[in-house]
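>>> have a look at this prediction, sequence included:
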2 protein chains.
Amino acid sequence: MSRRISMAVIRRMPKYYRYLNDLKNEGVSKISSRKLAESMGLTASQVRQDFNCFGGFGQQGYGYNVDTLHSEIASIIGVNRKHKAIIIGVGNIGRALINNFDFYQCGFTMIAAFDTDKAIVGKVLNKIPVLDVSELDAFYAENPFEVAVLTLPKAYAREIAEHMVRLGVKGIWNFTNLDLRIGDENVTVEDVHFSDSLMTLCFRITD
Amino acid sequence: MSRRISMAVIRRMPKYYRYLNDLKNEGVSKISSRKLAESMGLTASQVRQDFNCFGGFGQQGYGYNVDTLHSEIASIIGVNRKHKAIIIGVGNIGRALINNFDFYQCGFTMIAAFDTDKAIVGKVLNKIPVLDVSELDAFYAENPFEVAVLTLPKAYAREIAEHMVRLGVKGIWNFTNLDLRIGDENVTVEDVHFSDSLMTLCFRITD
DNA sequence: TAGATTGTTAATCGATTAACAATC
DNA sequence: TAGATTGTTAATCGATTAACAATC
């Protein structure tokens, strides 16, 4: 029954999730599509269309129950699944993520970090053990993970990405400024492309 | 004459720029819209339409000269302008950017970093001096900057963002997981929203 | 000249917006 | 019941794709 969900809708789901979280924390119990749209810079139609991709969560004449909608969206996104993830490359960005980023809130459990630097392998950062990259296969055999976060130098990125695909990961969160072009239909790549983002800003402020 | 450029086109420009850079480095001198499209996962029509938003850079029967196109796109994006930028918040992500990110390549000169932590204020990281946040106004008066990079804790983000708008910056590169909702038409906000990105990946791998 | 490939117009597709009957 | 607001269908808008004359 579920017709394909467009990327535009998918990208809005996390935003709805965060807004509903805020409303929940403020003790708001109901919200209308109009009000939600207003506070998020969307249209009411858009909000209702988006939610109706997944079923009717509202009540005519009333609006949406914040708690219900929040938890519906949580399970639509899958943030309650807690997929296992590892991170490869414990440089500045890797460390920044390990120490400060809340993977759990986003639906993941970070179970290990990998690096080649002997100086850091064997340490534990924010409860995450740092292992040697050579242990990847053995580790996967024991603890199959679904997502690999790539925060390693560009030069090794493609090789490691292909390795991940061979192991059978479902997703790659890619911080290397490289377009991975994974052929495999079963692997989803999500890029965080700093330079594209900053160049976009450059374009928009350039007159 | 220039009709409004759609966001879809704007977001593709940095990718073209990077691909052309690669081609240039490989010594390729000409490229057709078909080949470029193929290697980037677009259609030839799309490539030609995109370029023709800005003028005709190709030659019928031949294709596009890589060097020419590369430098045309550089000046369309404005990466040759070297806008002045500062960074506020020298935590993990701030340091990662200061130490590893090539602002210059993306069209910016990073001229200073700001923090409130006495332990780091006064230091110099990768040639970037770290100043106290209280010096922002005085610094701006001497060295007006166009972009502020926000890598500070969420709690201070809105206040600092509004401060930046008052100073008159043109753009904010926002790493705080917060929707800034700047009203000012003259200020462009570009978000790097880690949690939205990771939740999107979560959605796409959740079955 | 013949072949290739652009620039550009027209057709298609998909996403957003508007409208409104259903209903709480 | 009357007012409000959803779910959903239809209309509009914009972006992508296709087609092809222009031309190198």
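Ah, there it is.
>>> ok, now how distant is A:Phe101 from A:Thr176?
Computed as C-beta to C-beta, to the nearest Å, the A:Phe101 to A:Thr176 distance reads 17 Å. In this view, the C-beta of every residue, glycine as well, is placed from N, C-alpha and C.
>>> so is stretch A:127-140 next to chain B?
No - with C-beta under 8 Å from any C-beta of the partner chain as the threshold, stretch A:127-140 lies outside contact range of chain B, at a closest distance of 14.2 Å.
>>> grab the nearest non-local neighbour of the residue nearest the centre of chain A.
For chain A, the residue lying nearest the average C-alpha position, counting by C-alpha atoms, centre = their mean, turns out to be A:Cys106 (6.2 Å). Setting aside the residues directly before and after it, A:Cys106 is nearest to B:Leu198 in space (C-beta to C-beta, 6 or more residues apart in numbering or on different chains), at 4.3 Å.
>>> pull the number of nearby residues for that neighbour.
Per other C-beta atoms under 10 Å in any protein chain shown, the neighbour tally for B:Leu198 reads 27.
>>> how about the secondary structure of it?
Using DSSP: H, G, I helix; E, B strand; the rest coil, the three-state assignment for B:Leu198 comes out as helix.
>>> mind checking pLDDT for the residue lying farthest from the centre of chain A?
Most distant residue from the mean C-alpha position of chain A: A:Gly61, 34.6 Å away (C-alpha atoms, centre = their mean). You'll see A:Gly61 listed with a pLDDT of 95.
>>> do the one 3 residues further on as well
With respect to pLDDT, A:Tyr64 has a value of 98.
>>> A:Val192 now?
Reported pLDDT for A:Val192: 97.
>>> quick check: phi and psi at it.
When quoted as degrees, to the nearest 10, the phi and psi of A:Val192 stand at phi -120, psi 100.
>>> what are the buried residues along the longest helix anywhere in chain A?
The longest helix of chain A (DSSP state H) is helix A:7-25. Under the neighbour-count criterion of 16 or more other C-beta atoms under 10 Å in any protein chain shown, helix A:7-25 has A:9-10, A:12-20, A:23 buried.
>>> from DNA strand C, how far out is the residue farthest from the centre of chain A?
For A:Gly61, the distance to DNA strand C under the criterion C-beta to the nearest atom of the strand, to the nearest Å works out to 2 Å.
>>> can you check A:Lys154 too?
From A:Lys154 over to DNA strand C (counting by C-beta to the nearest atom of the strand), the distance is 28 Å.
>>> what's the neighbour count on that residue?
Using other C-beta under 10 Å, A:Lys154 has 10 other residues around it.
>>> what's it in contact with, if anything?
Remark: with contacts taken as C-beta atoms under 8 Å, 6 or more residues apart in numbering or on different chains, A:Lys154 is in contact with A:176-178.
>>> save these as CSV, and put in pLDDT and secondary structure too.
What follows is those, written out as CSV (pLDDT from 0 to 100; DSSP: H, G, I helix; E, B strand; the rest coil):
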residue, pLDDT, secondary structure
A:Thr176, 95, coil
A:Asn177, 89, coil
A:Leu178, 92, coil
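>>> out of these, who's the most crowded?
Most crowded among these, counting by other C-beta under 10 Å, is A:Thr176 at 24 neighbours.
>>> enumerate every residue touching the spatially closest residue to that residue that is not a sequence neighbour.
In this structure, A:Thr176 finds its nearest non-sequential neighbour in A:Ala157, 4.0 Å apart by C-beta to C-beta, 6+ apart. With contact set as C-beta under 8 Å, 6+ apart, A:Ala157 has these partners: A:150, A:174, A:176, A:178, A:180.
>>> quick check: which ranges of chain A have low pLDDT?
Chain A contains residues with pLDDT under 70 at A:1-3.
>>> at 80 instead, please
Low-confidence segments of chain A, defined by pLDDT under 80, span residues A:1-3, A:207.
>>> let me see the ranges of the helices in it.
When assigned using DSSP H, the helices of chain A occupy the ranges A:7-25, A:33-40, A:44-52, A:66-77, A:92-100, A:136-142, A:154-167, A:194-205.
>>> give me the contact list for the shortest one.
This means helix A:136-142. The set of residues external to helix A:136-142 that reach it, using C-beta under 8 Å, 6+ apart, is A:86, A:88, A:112, A:114, A:131, A:163, A:167.
>>> what is the nearest of those residues to A:Asp184?
Comparing those against A:Asp184 with C-beta to C-beta places A:Leu167 closest, at 11.5 Å.
>>> against DNA strand D, how distant is the closest residue to that closest one other than its chain neighbours?
The shortest distance from A:Leu167 to any residue that is not its chain neighbour, by C-beta to C-beta, 6+ apart, is 5.1 Å, and that residue is A:Tyr140. The gap separating A:Tyr140 from DNA strand D is 36 Å, by C-beta to the nearest atom of the strand.
>>> what about A:Tyr140, neighbour count?
For A:Tyr140, the neighbour count with other C-beta under 10 Å is 18.
>>> how is chain A carved up into domains?
Domain assignment for chain A by automatic domain parsing gives A:7-75, A:83-198.
>>> deepest-packed of those domains, please.
Per residue and on average, the most neighbours among the domains of chain A fall to domain A:83-198, with a mean of 18 (mean count of other C-beta atoms under 10 Å in any protein chain shown).
>>> any idea how far apart the tips of it sit?
From its first residue to its last, domain A:83-198 covers 30 Å (C-alpha to C-alpha, to the nearest Å).
>>> try stretch A:34-48
Counting by C-alpha to C-alpha, you get 9 Å between the two ends of stretch A:34-48.
>>> kindly report the same for stretch A:131-145.
Using C-alpha to C-alpha, the span of stretch A:131-145 from its first residue to its last is 15 Å.
>>> for it, what is the distance to the chain centroid?
Computed by C-alpha atoms, centre = their mean, to the nearest Å, the separation of stretch A:131-145 from the middle of its chain amounts to 22 Å.
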